[in-house]
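Enquirer: My questions are about this predicted structure, shown below with the sequence.
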Amino acid sequence: MTHRNKAAIAGIGQTEFSKDSGRSTLHMALEAILQALDDAGLAVEDVDAVVKMGANDDIFEIDLLRSLNLPNLRYFNEVPHGGGAACGTIAGATAAVVAGMADVVVTFRSLNERSERRFGESSVGGGLTHWRQYNLPHGLVTPAQWVAIFGQRYLHEFGYTTEELGHVSVLTRKHAATNPHAMMYERPITMDEHQNSRWISEPLRLLDCCLDTDGACAAIVVSAEKAKQLRSTPAYIAAAAQGTGSRAEMMTSYQRKSLAHLEESEATAKELYRVAELGPKDIDVIEIYDPFTPMVLMQLEAYGFAELGKSPALFHSGRLELDGDLPFNTHGGHLGEGYLHGFGHIVEGVRQIRGTAVNQPDGVNTCLVSSGVGVPTSGVILSKEPY
Amino acid sequence: MTNDRTDDYAKPLPAQDGLAKQFYAWCKRGDLRFQRCSGCDAWRHVPREMCALCGSFEWTWERSSGRGAVFSWTTVARPMHPAFANDVPYAPVVVEMEEGVRLVSEVLDCSPDELQIGMPVALAFDHVTPDVTLPKFRRA
């Protein structure tokens, strides 16, 4: 028995993305949640579960409950590991629905990541604990730097230059350029601009890095049967999964044998395809978590869209364009639309299944969405039909 | 060894709690030691209570040869922590030790643009504060 197509995302909500929202993360979360409930044709009173991402949004569950005055909550959970948790909230919601522990599950992400706490900046001092006390004293203090260590190995082992990273950024920004919701709407970039952007932490340049963003997204998960009776076209959850790797640390798992592939994403992919009874060739659209460009290349390999070390060729083939057979980050991703810790990828995945995205390829029946990398992660496969 | 510094040192420092207290106590004595599993002889870092390979809780602190090679690095151009603002460009490295474990560190006598994967390096302790000695490296 699996959960294949037994639950669905029935509603989505999203605030504007900006550099300064002018309001609290709680405020934005509430807006996105109410919008998602309305999208589904549900009321606050219908909500009986909340699964949220842990850490960094300053939203205490108590504040959320008090604000919405949820009278019927019977299941709540929080998924750890930063951006690795995004699709994990969908997995948790699916588990609750399929187990009969909840009927209407709210999931969301809300960040003032540009105007308040920027994840890319650090001011930690003494008293570092856990693995951090071995890494951070040497100046390896933020995600771009932690990930650059992996990116350097990837380029070295497969003999690539940073132009291959540039292709990721150029295509993502091309898709953002036609998305009015994107921070980088009407602002495509060229390879020259990528190569001439300033170094952040080699081999990463500015244009290899995601955009610090304020905003919120939400999604409502219900059973497949219930979804059919609701207002919006359901995006069936063909599979939702979490995955881990060996010798794990938070983005600094440098003790594992290879730093040129992503064990957590490979584990997630394997479980997604097992549950969905699909393979990479059956996926129509992909929304890949793009914090930094090397992690996109490594995920395309982890999810089976290219062999190990071969994903750069996908960007030369045209296959990832909107008119290709595997459109990629159709909304413009973290590099172009905005960094919502992977939740923007989920709501875009739902729009792709509904056929309502601004960058909408024809004939989308399946969409794979991935979440944060270098950490315990998660993913979902969405389906138009409950096959 | 480099010179002892005064207490205006502003860079992040280890709490030296739990097993880290032991690791850094060895460093302070000029001795780089890693855990070695008593059950399966596997070396490990960062310190853990249990061997992930054989499940043993028994281990000893064994002296490293101090020799290794650069496994990866990143040249930091934009300081994202105020205490490193005057250091850019600087390059944290991951050194793979002869024992097989890897250590995040720095190569003291090598500018970032001279670093190469595979470059041999040898241990050089840096007494950054009266309480903390960090294991660093020089070209070998």
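Expert: Yes, it's here. Numbers count the residues shown, from 1 in each chain, chains lettered A, B, ... in the order given.
Enquirer: Find the residue at the geometric middle of chain A.
Expert: Centroid-nearest residue in chain A, with C-alpha atoms, centre = their mean: A:G342, separated by 2.2 Å.
Enquirer: check contacts around it.
Expert: Residues touching A:G342, when contacts are defined by C-beta atoms under 8 Å, 6 or more residues apart in numbering or on different chains, comprise A:83, A:86-87, A:109, A:289, A:369-372. Any C-beta I mention is one placed from the backbone N, CA and C, and that applies to glycine too.
Enquirer: Contacts for stretch A:379-387 next, please.
Expert: Stretch A:379-387 is contacted from outside by A:5, A:8-9, A:87, A:90-91, A:224, A:233, A:235-241, A:243, A:265, A:268-269, A:272-273, A:276, A:278, A:283, A:303, A:346, A:349-350, A:352-353, A:364-371, using C-beta under 8 Å, 6+ apart.
Enquirer: buried set for it?
Expert: Within stretch A:379-387, the residues that qualify as buried by neighbour count (16 or more other C-beta atoms under 10 Å in any protein chain shown) are A:379-384, A:386.
Enquirer: how far out from the middle of the chain is it?
Expert: A distance of 16 Å separates the C-alpha centroid of stretch A:379-387 from that of its chain, computed with C-alpha atoms, centre = their mean, to the nearest Å.
Enquirer: A:G355 touches A:C367, doesn't it?
Expert: No: with the criterion set as C-beta atoms under 8 Å, A:G355 and A:C367 do not qualify as a contacting pair; they are 11.2 Å apart.
Enquirer: More neighbours: these two, which one.
Expert: Between A:G355 and A:C367, counted using other C-beta atoms under 10 Å in any protein chain shown, A:C367 has the larger neighbour count: 28 against 13.
Enquirer: quick one: what helix or strand has A:K270 in it?
Expert: If you go by DSSP states H and E, A:K270 is part of helix A:263-276.
Enquirer: all helices of the stretch 201-350 of chain A, in order?
Expert: Remark: helices of the stretch 201-350 of chain A, listed N- to C-terminal, are A:224-228, A:263-276, A:293-302, A:312-317, A:343-354; assignment by DSSP state H, counting those that start in this stretch.
Enquirer: now for the helix holding A:K270, which elements pack on it?
Expert: Helix A:263-276 is packed against strand A:235-243, helix A:293-302, strand A:366-370, strand A:377-383, with contacts defined by 3 or more C-beta pairs under 8 Å, 6 or more residues apart in numbering or on different chains; DSSP states H and E.
Enquirer: Tabulate the ones you listed (JSON lines), appending mean pLDDT.
Expert: Putting the helices and strands packed on helix A:263-276 into JSON lines (pLDDT from 0 to 100) gives the following:
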{"stretch": "strand A:235-243", "mean pLDDT": "98"}
{"stretch": "helix A:293-302", "mean pLDDT": "98"}
{"stretch": "strand A:366-370", "mean pLDDT": "98"}
{"stretch": "strand A:377-383", "mean pLDDT": "98"}
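Enquirer: quick one on the thing from earlier: ok, so of the buried residues of stretch A:379-387, who is nearest chain B?
Expert: The nearest member of the buried residues of stretch A:379-387 to chain B, counting by C-beta to the nearest C-beta, is A:G379 at 24.7 Å.
Enquirer: Quick check: the gap between the closest one and B:V88.
Expert: Per C-beta to C-beta, to the nearest Å, A:G379 is found 36 Å from B:V88.
Enquirer: Kindly export the helix or strand harbouring A:E31 (C-alpha atoms) in PDB.
Expert: Secondary structure here is read from DSSP H and E; on that basis A:E31 sits in helix A:25-40. Only the C-alpha atoms of helix A:25-40 are listed here, as PDB (Å, rounded to 0.1, in the frame of the first residue of the first chain):
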ATOM      1  CA  THR A  25       6.000  37.000   8.400                       C
ATOM      2  CA  LEU A  26       2.900  36.100  10.400                       C
ATOM      3  CA  HIS A  27       0.900  38.700   8.500                       C
ATOM      4  CA  MET A  28       2.000  37.400   5.200                       C
ATOM      5  CA  ALA A  29       1.500  33.800   6.200                       C
ATOM      6  CA  LEU A  30      -2.100  34.500   7.100                       C
ATOM      7  CA  GLU A  31      -2.700  36.300   3.800                       C
ATOM      8  CA  ALA A  32      -1.300  33.300   1.800                       C
ATOM      9  CA  ILE A  33      -3.200  30.800   3.900                       C
ATOM     10  CA  LEU A  34      -6.500  32.600   3.500                       C
ATOM     11  CA  GLN A  35      -5.900  33.000  -0.200                       C
ATOM     12  CA  ALA A  36      -5.200  29.300  -0.500                       C
ATOM     13  CA  LEU A  37      -8.300  28.400   1.500                       C
ATOM     14  CA  ASP A  38     -10.400  30.600  -0.800                       C
ATOM     15  CA  ASP A  39      -8.800  29.100  -3.800                       C
ATOM     16  CA  ALA A  40     -10.000  25.700  -2.600                       C
END
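Enquirer: Now do the helix holding A:K270 against strand A:366-370, angle only.
Expert: Taking axes from the mean of the first three to the mean of the last three C-alpha atoms, to 10 degrees, one finds helix A:263-276 and strand A:366-370 inclined to each other by 150 degrees.
Enquirer: outside of helix A:263-276, which residues touch it?
Expert: Helix A:263-276 is touched from outside by A:2-4, A:84, A:238-246, A:248, A:253, A:256, A:279-280, A:298-299, A:302-304, A:368, A:370, A:373-381, A:383, with contacts defined as C-beta under 8 Å, 6+ apart.
Enquirer: Can you say which of these are buried?
Expert: In terms of neighbour count (16+ other C-beta under 10 Å), the buried residues within the contacts of helix A:263-276 are A:3-4, A:84, A:238-243, A:245, A:248, A:253, A:298-299, A:302-304, A:368, A:370, A:373-381, A:383.
Enquirer: which helices and strands sit right next to the helix holding A:E31?
Expert: Applying 3+ C-beta pairs under 8 Å, 6+ apart, we find helix A:25-40 packed against strand A:7-14, helix A:61-68, strand A:105-112, strand A:214-223.
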